[in-house]
Structures are given as C-alpha cells and as structure tokens.
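1. Quick one: sequence plus predicted model below, questions after.
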Amino acid sequence: MTRALVVVVLLFAFGGLRLPIESALTEQYHRAHFEQANLNLSLREHIGQMSFVAALSGFRSLVADFIYIQANAAWERTEWHRLLLLFRQATTLQPRSLLFWEMAAWHMAWNASVAALHDSNLPNDGLRRKTQREYLALGRQFLESGIRNNPESPQLYESLGRLYREKYQDHAAAARCFAQAASLPSAPEYERRFAAYELSFVPEREREAYRILRALYDRGPQERLPTLVKRLKFLEEKLDIPLQERIPDREM
C-alpha cells in the first residue's frame with residue numbers, strides 16, 4: 001500500500017510539473033500557426049516508419065522536401081491520387097511552407113481538374129465533371145488550410161482569389177480574397193487594384209468599385225494602368241457618371 005501510494009504521489013507530482021511546460025509549448029505552437037503539424041500514427045502510416053522517425057528526430061524539413069520531390073515525380077506520371085496524398089504529407093510536415101500549399105492547390109485545381117475532363121477511364125461526361133469539381137474543391141481546401149497556418153501571408157490570399165476568379169468565376173469571393181491580401185502589411189500594391197477589378201463585375205457593387213478605382217487613378221500616372229483605365233471607362237458608362245467627372249478620353 002505504501003509503495004502504491006508513493007507511485008500515485010509521484011505521478012501527480014510529475015503531471016503538475018509537466019502541465020505548465022506543455023501549456024507553454026502549446027501556446028508557442030499556436031502562436032506560430034502550426035495548425036497542421038501533427039506527427040501522429042496516421043502520418044506514420046502514410047510516410048513510412050523511417051521517415052516518421054526522421055521527422056521526430058528534427059529532420060521534418062528534410063523529409064518534407066523529399067516528399068515534395070516524390071510529388072513532382074507523381075505529377076509527371078499523372079498519378080493524381082498519389083500526388084494528393086504526398087502533398088497532404090508535405091503540408092502536414094511543413095505547414096509554414098507557402099510553396100507546398102500553392103503547388104498542392106495548383107496541381108489539384110488546375111492540372112488534375114483539367115485532366116479529369118479528358119479522362120477516358122471515366123465512363124461519361126457527368127462523372128468527369130463531378131471529378132473535376134472535386135479536384136477544384138481540393139485545391140481550394142489546400143489554400144484555405146494554408147491561410148489558416150500562414151494568416152500573415154498575402155500570397156495565399158491572392159492565390160485563393162485567382163482560384164475563385166478563374167475556376168469558379170465567383171467575382172465577389174475573389175474580391176474578398178484580394179481585399180484581405182491588400183489589408184496585410186507585406187501586400188504588393190496591386191492587390192487593391194485586383195480587389196476593385198473583381199468588385200466591378202459584381203452586380204450592385206459597381207459604384208463601390210468605381211470609387212476605389214477612381215481613387216487609385218487620382219493618385220497619379222503611376223496608377224493609370226491600361227486595365228484600370230479600361231474598367232473605369234466601362235463603369236463610367238454603366239453608372240452614367242456625368243461627363244465633366246469622367247477621366248479624359250486620351251487615357252484610353
């Protein structure tokens with residue numbers, strides 16, 4: 001009884017000492033946005049025992065790079081399901097690598113989705129289009145997960161905006177993504193223009209887009225790019241802006 005009591009006391013003491021350490025580590029973990037870096041048994045099954053041990057031993061980056069090389073080989077062989085698996089592994093191991101998230105989304109939403117439309121192994125056009133939509137969704141999910149792990153990165157918001165614009169033709173969603181990118185400190189200047197361009201295609205929001213584009217135009221010649229001028233001219237006509245308030249025709 002005495003020995004058992006000592007063991008119980010030691011266990012409680014160890015737990016009490018470990019708790020603040022684990023809490024501090026968890027706080028640092030979340031502060032660094034490592035939402036996906038889960039080195040668990042599921043990952044071990046996917047990447048093999050040796051790679052899993054290497055990841056646990058501090059070689060996570062090296063293992064992720066090796067998996068990324070394998071993913072490129074899978075792409076060359078058009079092995080889309082294997083490619084998906086490999087990019088899930090790579091992004092899990094290195095959730096702060098923007099390249100991994102962007103390449104995963106590009107392969108799924110652009111390459112695999114297009115290949116699905118021409119896949120002779122699928123029996124009919126309906127199934128091919130369904131598979132295409134599934135790959136598009138996977139590409140979107142990779143970018144959304146990447147943003148959760150890297151919320152300070154305008155690059156991933158921009159990629160998601162391009163996906164909405166080019167693959168979904170969802171201009172409202174694209175405008176939101178570009179606007180979110182523009183709100184971040186490290187965002188390029190063009191993000192605000194991109195957001196306004198997309199907004200100009202959204203019904204009932206053309207006037208808002210016009211105000212943004214006109215404000216950019218009024219900053220000076222450096223902002224008066226052909227696309228911006230063209231959209232302004234279009235909006236002036238659509239919104240029936242008074243002639244005296246329109247930009248000069250020589251800007252065309």
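-> Looks like it came in fine.

2. Ala116 and Leu122 touch, don't they?
-> Yes - if you go by CB atoms under 8 Å, Ala116 and Leu122 touch, sitting 7.2 Å apart. Where you see a C-beta, it was placed from the backbone N, CA and C, and this is true even at glycine.

3. His81: how many residues sit nearby?
-> When counting by other CB atoms under 10 Å, one arrives at 9 neighbours for His81.

4. Report the buried residues of the strand or helix carrying it.
-> For His81, the host element (DSSP states H and E) is helix 80-93. Under the neighbour-count criterion of 16 or more other CB atoms under 10 Å, helix 80-93 has 80, 83-93 buried.

5. likewise stretch 93-113?
-> Buried residues in stretch 93-113, counted by 16+ other CB under 10 Å: 93-97, 100-113.

6. Stretch 213-230 too?
-> By neighbour count on 16+ other CB under 10 Å, the buried set for stretch 213-230 is 213-214, 216-217, 223, 228-229.

7. next one: stretch 124-133 to chain centre, how far?
-> With CA atoms, centre = their mean, to the nearest Å as the basis, stretch 124-133 stands 24 Å off its chain's centre.

8. And the contacts of it?
-> With contacts defined as CB atoms under 8 Å, 6 or more residues apart in numbering, stretch 124-133 is touched by 113-114, 116-119, 122.

9. Stretch 172-185 too?
-> 152-155, 157-158, 160-162, 164-165, 187, 191-192, 194-196, 198-199, 202, 205.

10. Mind checking which of the residues you listed are buried?
-> 153-155, 157-158, 160-162, 164-165, 187, 191-192, 194-196, 198-199, 202.

11. Compare Ala116 and Leu122 (neighbour count), which wins?
-> More neighbours surround Ala116 than the other of Ala116 and Leu122, with 20 against 16 (other CB under 10 Å).

12. List the residues that contact that one.
-> 122, 128-129, 131-132, 134-135.

13. let's go with 10 Å and repeat that
-> Counting by CB atoms under 10 Å, 6 or more residues apart in numbering, Ala116 makes contact with 80, 122, 127-136.

14. Check these against Ala74 and report the nearest one.
-> Taking CB to CB as the measure, Ala74 lies nearest Trp80 of the contacts of Ala116, at 8.0 Å.

15. Let me know the distance separating the closest one from Glu189.
-> Distance from Trp80 to Glu189, counting by CB to CB, to the nearest Å: 37 Å.

16. Please pull up the helix or strand immediately following the helix holding His81.
-> helix 98-106.

17. Point out where the stretch 1-150 of the chain drops to low pLDDT.
-> 1-59 (pLDDT under 70).

18. secondary structure element for the closest residue to Asn111 other than its chain neighbours?
-> Counting by CB to CB, 6 or more residues apart in numbering, Trp75 is the residue found nearest to Asn111 once chain neighbours are left out, at 6.9 Å. Assigned by DSSP H and E, Trp75 falls within helix 60-76.

19. Which positions in that helix come out as buried?
-> 60, 63-68, 70-71, 74-75.

20. what's the angle from it to helix 98-106?
-> Comparing the axes of helix 60-76 and helix 98-106 via axes from the mean of the first three to the mean of the last three CA atoms, to 10 degrees yields an angle of 30 degrees.
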